[in-house]
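Peer 1: what follows is a protein structure lacking sequence information:
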């Protein structure tokens, strides 16, 4: 995945945590070290759009869903239907997500 987004949503009660959304570049991502995520379990959702196959139509007025077609590269089990979780611990965390389309 050359570019996309990794989103983490806290599950249950995770003290002081918030939703996190980071950009991925060449399959790599990093969370900010300052004010990073609190320890706990997070739902993982990953998105990557095929920009060549997606269609965005110019228009005047409000944006509506009929004005664009998004071609998602990530399978639903890692995206809209994800039930994948990861554990954030104090200190350095390293994650590898094996996503097979």
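Peer 2: Structure's in. What do you need? In this text the structure is predicted, and so the values were computed from the model without any measurement.
Peer 1: in the host helix or strand of residue 4, what counts as buried?
Peer 2: Following DSSP states H and E, one finds residue 4 within strand 3-10. Along strand 3-10, these residues count as buried under the neighbour rule (16 or more other CB atoms under 10 Å): 4, 6-10. For the C-beta atoms, the positions are set from N, CA and C on the backbone; glycine is no exception.
Peer 1: for residue 30, see how far away the closest residue to residue 4 other than its chain neighbours is.
Peer 2: Among residues not flanking residue 4 along the chain, residue 48 sits closest, at 3.2 Å (CB to CB, 6 or more residues apart in numbering). As judged by CB to CB, to the nearest Å, residue 48 and residue 30 stand 17 Å apart.
Peer 1: mind showing which ranges of the protein have poor pLDDT?
Peer 2: 1, 17, 33-35, 56-68, 101 (pLDDT under 70).
Peer 1: which residues in it form strands?
Peer 2: Applying DSSP state E to the chain gives strands spanning 3-10, 20-25, 40-47, 55-56, 68-69, 85-88.
Peer 1: quick one: contacts of the third one?
Peer 2: Spelled out, that is strand 40-47. Residues from elsewhere that reach strand 40-47 (CB atoms under 8 Å, 6 or more residues apart in numbering): 1, 4-15, 17, 20, 24, 72, 74, 78-80, 82-88, 97, 99.
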